[in-house]
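Engineer: Below is the sequence, then the predicted model.
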Amino acid sequence: MKLPTFFRPHLEGFHLPNGLEVWLAPERSSPTASVWVWYRVGSKNEHPGITGASHWVEHMLFAGSPRYRKGEMDRAIVSIGGNLNAFTSHDVTAYYSTVPRDHLAVPLDIESDRLTRALITDEETDRERSVVLSEREGDENWPEFRVEEELYALAYRHHPYRWDPLGYRPDIERMSGQQLREYYRRYYGPRNAVLVVAGGFDPRSVRRDVVRRFGPLPGTGADPRVRIVEPAARGERRTALAGPGTTPLIEIGYRAPSVYGPRTPATVMLGAILGGEAWPFEAGSGWGRAKEHPSSRLYRSLVDTGLAVRAVSEFRPRVHPSLLTVTAQAAPGIRLDRLETALEGAIDRMRREDPSAREMQDARVRIARGAVLAYEGASRTGFRVGLFASIESPGFEPAMYERLLAVRPREVREAARTTFDPASRVVVTYEPVSGRSS
Amino acid sequence: MNAARDPLQVVLPDPLDGLRVALQPAPGRAGSVAITYLASAGTGRDPPGREGTALLALTSAVAAAGPWGRSELARRLDRLGATTTSHVAPESSEITIWGPADAWRTLLEILATVVLEPRFDPEDIVKVRRQIEERQLRQLTHPDRRAERELLRAMFPRGHPYRETGAGTPASLARLERADIQRFHRGHYIGDGSLVVLTSGVAPGTALSAIRRAFRHLDRGARLSPVALPPPRSGGPEVRVPIHGLTDVEVRVGGPSVPRSDPSYPALALAQEILGGRPTLNRLFRRVRERLGLAYRASSELECMAWGGYWTIEAGSAPKNWRRTRDALVAEVRRLDERLPSRREVDLIRESAIGEIPLSLETTLGAHELAIDLAYHRLPGDFWRTWPSVLRQVRPNDIREAAQRGLALARSHTVIVGSI
C-alpha cells in the first residue's frame, strides 16, 4: 500500500534581533487565525521548594500586564468569539488564542504585552494559590493521576521529571509571589520563546506587525537547559496505593529514550504495536490520556480475554529520557496479580519476537494517516509548528515521520529488549477501598 | 459561491423514506470527513427494569458487524486511518466515523454495516457488560460521576427518560440478554427518528446517492412509540453523599428547564452563557474562581433537548470551602433571576457567542457538531447563518424572564459529594 505524503503547511521563519523565534503559517482560506507563544520552560526547570512554579506562572500570566488588567485579556479574546488558554508540561509552557481572522491584532498585542511584563503581585499570587490547589485536588480524585504521579516519583530520584507539573502540595502552599516573579524573569523572554501565527492572514503585514510589537522587547530569557542526568536504575521499584476507586489498577513504567535519541522511532513503533498509540506528540502533561485501540496487542490480550476493562500503553518522548508506560484496569472480580501476569506476558512477547509484517504495516499506515490529518485548522497548525520548533525546529517533525516509517521489525524487538529491562521497571498498583458511607 | 461549499449552509434533502440526511460542507482545506448515524435509541427508551439496554446495544454494535469480528473491524478502521466514537444520550444513540476524506465511501459503507448488521457476538456483550459494570462503580465512587447521578435522580421521578445515566444498575444489567439487545436494536435503529450527517467536500448529489445505497436496508416502515414524560420534581432537600479519602468536594445544583423548541430558548441560552457558560466571561468563573478563589472549576450547562431539558451548575472545591462555594453558586443564579443583566454584559456575551461560530468551522469535527445539532432539532439549513440576528433581538428583560423559567432556583436541587 502506498503511504500518504506528509502534509506540511507553508512556513516562513525568522528571528528578531532580541532573539525571538517567529514562524508564520499562512493559510488564506482559513476563517480563523491562531497565535501561540511557546516557552522552553516546564517543570523540568524547577527544583524542590518551587515545584509547580511553571504551572503557577502560567496561571499568573492571565492576572494582568501593563495594558491588560486582570480579566481583560480573556475579555478581549472571548468577546470577539475567540478562545484562549495555556498549558504547562514537563518541558514547555504554551499560550494560545484562536480568533476570527480579522481580529489577529488582539492576541498579538496581548502576547507582546505579557512576554516580559506580566504583573505578578503578591495579592494575586495568594488569591490564585487556592485555585491551583483546587486544580490539584480535582486531579487527585482520579486514581489514574495518583498512580501516575507515584510512578514518576518512583522512577526518578534526581531528575525533575520526578514531580508532576502541578507541583507538590506543600510547595504550592508555601511559594511566594517573589519566587514566582524571579522564576518568570529568569525564563520568560524572547530568547527562550517561539511565536507561531497560523491561519488566514497576509504574511507580509503580519510580519511587519510582529516586528513592531515584539521587536522592542528586551532580549531576556535564560538558557533553560537542564543538566541533571538520572542515574541508571539497579532494580525494580514498586509501590502499592489504596483509595476510593472502582477496580484494581496497575501501571508499569520502563526507562525510554528522549525525543532526540537514536532508538526513539523504534520505541514509538514498539508503543504503537503494543498499545496502539501511533502518534505520540500531544499537548500538556497528560495523565490518563492514552487511548485504547482494539487492534493492539494489549487490548487483545487483556480486554478481549476479560481480564481488564481498559489496557493502554503510552510513550510520549520528552526532551530528556522519560518512561514508556503500560496501564491496565481490572475487570470486576479480577485480581491484580492476574492482571500483572498478563501484562508481563504481552511485554515478554515483544522482547522475544519480531512484530509481524502485518503489524508493522498497520502501524505505519496509522502513523501516515495521522500525519495527513494533523494540520487541520489554524489551532492545530499553531500547536504542531510551535511544539516542534521548541523541541528543535519545525523540520524535526517530517524527519521523525520519515524515520518512523523506516523502522524495521528487528529494531522494534531490539527496542523492546532495551526498554523492557527488569532492572528499570517501576510498578504502581492501586487497590480500591470502600470510601462510601452512604 | 456554490451553496454546497458554504460552510454555513447545510443541505437538508428530502428524507429517504423516513431517514433524514444532513450534508455539511467540510472546512476549506480539511483532509478529513466525518459521518454520523443517529438513532432515537437513547437511554430514555430503556425498557423498565432493563436500564443499560441502549448503552449495551450501542457499544456492542460498534465492536463487530457484518463480516468483521472485533479485531477485523478495528484493524480495518486502523488501516484506513479512521476512528469510531459512539455516544448515548437520553434521547439518542450516535455512531461517528472520522477519517481521511479520500476514504469517505468506504467509511460510509462501514458505518452502514455497523448500524444495519451488528453481530452482537456473545463474547462482545460480555466484554461490554464488564466495562459498564466498571462505569457503574465509578458512578458510585468518583465525586463528579456520583454527583451527576444523584442530581438526575433528584430532579426526575422514576420513569422519566432523563432520570438515569444510562449505565443501569447491577441488577438491570444482569437481566439483559442477547435477545434484549437484538430486540432493542430492531425496534429503534430504524428510519423513524434516525439521521445521517455527512461533513465532507463531496457534492451533495453524489453524497446523497451513496447514503441512499448504503442504508437501503434500513427498516423504514416501523414507527417509534411516544415516550412518557412524568413531571420533574420541583425542589427538594439537599442531597449529601460523603465519600472519604477524596481531596475535593463536588458541589452541584440543577433543575428542570425547557425543550430546545421553546420560544424562549435564544434568551435562555444567553442567560446560561452569562451565568456559567461563556468561557472566562461568565459570572461563576469571575466570582467563584477569579474573585473568591474557591474553585479551579466553576461553570454551568444547559441541556435543552427535544422532550425537555435541565440546567446544572457545578464546582469542585476544597473540603473546607464547600459551603461557601455552594452559597456563591446559588447567589449567582439568584442574581440572574432577580436583576436585569446590564446591556453591556449582554452585548459582550452575545458578540462572543456569535464570534465563536467561525472557530467551530476550523475543523471537520467542529463543523460536524454544528450540523448534527441543527439536523437533530429540525432547524433550517441556514440556521447558523441566521442565529446571530436571532441573538441580537434578545433584550435584557427577555434574558431575566427566560432565566426565571428555565433556570429557576425555586425548582432546583442541590447535591454535595466528597469529603464532607
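Structural biologist: It's in. Numbering: from 1, shown residues only, chains lettered A, B, ... in the order given.
Engineer: So the closest residue to B:Leu336 other than its chain neighbours: helix, strand or coil?
Structural biologist: Spatial nearest neighbour of B:Leu336, chain neighbours left out: B:Ala403 (4.7 Å); criterion: CB to CB, 6 or more residues apart in numbering or on different chains. Yep, even glycine has a C-beta here, placed from its N, CA and C like the rest. Of the three states, B:Ala403 takes helix according to DSSP: H, G, I helix; E, B strand; the rest coil.
Engineer: give me every residue that touches B:Ala403.
Structural biologist: B:Leu268, B:Ala271, B:Leu275, B:Leu336, B:Asp337 (CB atoms under 8 Å, 6 or more residues apart in numbering or on different chains).
Engineer: switch to 6 Å and redo it
Structural biologist: B:Ala271, B:Leu336, B:Asp337 (CB atoms under 6 Å, 6 or more residues apart in numbering or on different chains).
Engineer: By neighbour count, which of those wins?
Structural biologist: B:Ala271 (31 neighbours; other CB atoms under 10 Å in any protein chain shown).
Engineer: Break down the stretch 101-250 of chain A into its strands, ranges please.
Structural biologist: A:193-199, A:237-243, A:249-256 (DSSP state E, counting those that start in this stretch).
Engineer: Export these to CSV and append columns for mean pLDDT and mean neighbour count.
Structural biologist: Listed next are the strands of the stretch 101-250 of chain A as CSV, based on pLDDT from 0 to 100; neighbours: other CB atoms under 10 Å in any protein chain shown:
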stretch, mean pLDDT, mean neighbour count
strand A:193-199, 97, 28
strand A:237-243, 96, 15
strand A:249-256, 97, 24
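Engineer: Just tell me which of those strands ends up closest to chain B.
Structural biologist: Closest of the strands of the stretch 101-250 of chain A to chain B is strand A:237-243, at 5.0 Å (criterion: CB to the nearest CB).
Engineer: And the contacts of that closest one?
Structural biologist: Applying CB under 6 Å, 6+ apart, the contact partners of strand A:237-243 are A:Arg146, A:Glu150, A:Leu154, A:Val426, A:Val427, A:Val428, A:Thr429, A:Tyr430, A:Glu431, A:Val433, B:Gly245.
Engineer: Now do it and strand A:249-256, the angle between them.
Structural biologist: Note on geometry: by axes from the mean of the first three to the mean of the last three CA atoms, to 10 degrees, strand A:237-243 and strand A:249-256 are set 150 degrees apart in direction.
Engineer: Run the chain-centre distance for strand A:237-243.
Structural biologist: Centre-to-centre, strand A:237-243 and its host chain are 25 Å apart (CA atoms, centre = their mean, to the nearest Å).
Engineer: Ok, stretch B:293-311 next?
Structural biologist: Computed by CA atoms, centre = their mean, the separation of stretch B:293-311 from the middle of its chain amounts to 12 Å.
Engineer: For A:Arg146, give me its contacts.
Structural biologist: Counted by CB under 6 Å, 6+ apart, A:Arg146 has contacts A:Leu241.
Engineer: for A:Ser258, that is, sorry about that
Structural biologist: Per CB under 6 Å, 6+ apart, neighbours of A:Ser258: A:His320, A:Pro321.
Engineer: Now do the SS call for it.
Structural biologist: coil.
Engineer: need the residues of the stretch 51-200 of chain B near chain A, please.
Structural biologist: Selection of the stretch 51-200 of chain B residues close to chain A by CB under 6 Å from any CB of the partner chain yields B:74-75, B:78-79, B:81, B:100, B:130-131, B:133-134, B:137-138, B:141, B:143.
Engineer: can you pick the most crowded of the contacts of strand A:237-243?
Structural biologist: Neighbour max across the contacts of strand A:237-243 (other CB under 10 Å) = A:Val428, 26 neighbours.
Engineer: Doesn't it lie inside a strand?
Structural biologist: Yes - per three-state DSSP, A:Val428 lies within a strand segment.
Engineer: Give me the pLDDT value at it.
Structural biologist: Looking at A:Val428, its pLDDT is 98.
Engineer: A:Gly370: which of the contacts of B:Ala403 is nearest?
Structural biologist: B:Ala271 (40.8 Å; CB to CB).
Engineer: ok, now which ones touch the closest one?
Structural biologist: B:Ile399, B:Ala402, B:Ala403, B:Leu407.
Engineer: Buried subset of these, written for PyMOL?
Structural biologist: Remark: buried members of those, expressed as a PyMOL selection using 16 or more other CB atoms under 10 Å in any protein chain shown:
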select buried, chain B and resi 399+402+403+407
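Engineer: and which of the contacts of B:Ala271 is nearest to chain A?
Structural biologist: B:Ile399 (17.2 Å).
Engineer: The strand or helix carrying the closest one: what's the following helix or strand?
Structural biologist: Secondary-structure assignment from DSSP states H and E places B:Ile399 in helix B:396-406. The C-terminal neighbour of helix B:396-406 among helices and strands, as given by DSSP H and E, is strand B:413-418.
Engineer: Mind giving me the packing neighbours of that following strand?
Structural biologist: helix B:143-155, strand B:239-242, strand B:249-257 (3 or more CB pairs under 6 Å, 6 or more residues apart in numbering or on different chains; DSSP states H and E).
Engineer: Looking at these, which one is packed in the most?
Structural biologist: Stretch with highest mean neighbour count among the helices and strands packed on strand B:413-418: strand B:249-257 (a mean of 27; mean count of other CB atoms under 10 Å in any protein chain shown).
Engineer: Please name the strands paired to that strand in the sheet, noting orientation.
Structural biologist: strand B:309-317 (antiparallel), strand B:413-418 (antiparallel) (DSSP bridges).
Engineer: any residues touching it, and which ones?
Structural biologist: Strand B:249-257 is contacted by residues B:143-144, B:147, B:151, B:232, B:309-317, B:319, B:322, B:325-326, B:329, B:406, B:408, B:411-412, B:414-418, B:420 when judged by CB under 6 Å, 6+ apart.
Engineer: Just the buried residues of those residues.
Structural biologist: B:143-144, B:147, B:151, B:232, B:309-317, B:322, B:325-326, B:329, B:406, B:408, B:411-412, B:414-418, B:420.
Engineer: Can you name the residues of the stretch 301-420 of chain B sitting close to chain A?
Structural biologist: Close to chain A, as judged by CB under 6 Å from any CB, the stretch 301-420 of chain B has residues B:Gly316, B:Leu348, B:Glu351, B:Ser352, B:Gly355, B:Glu356, B:Pro358, B:Leu359, B:Leu361, B:Glu362, B:Thr363.
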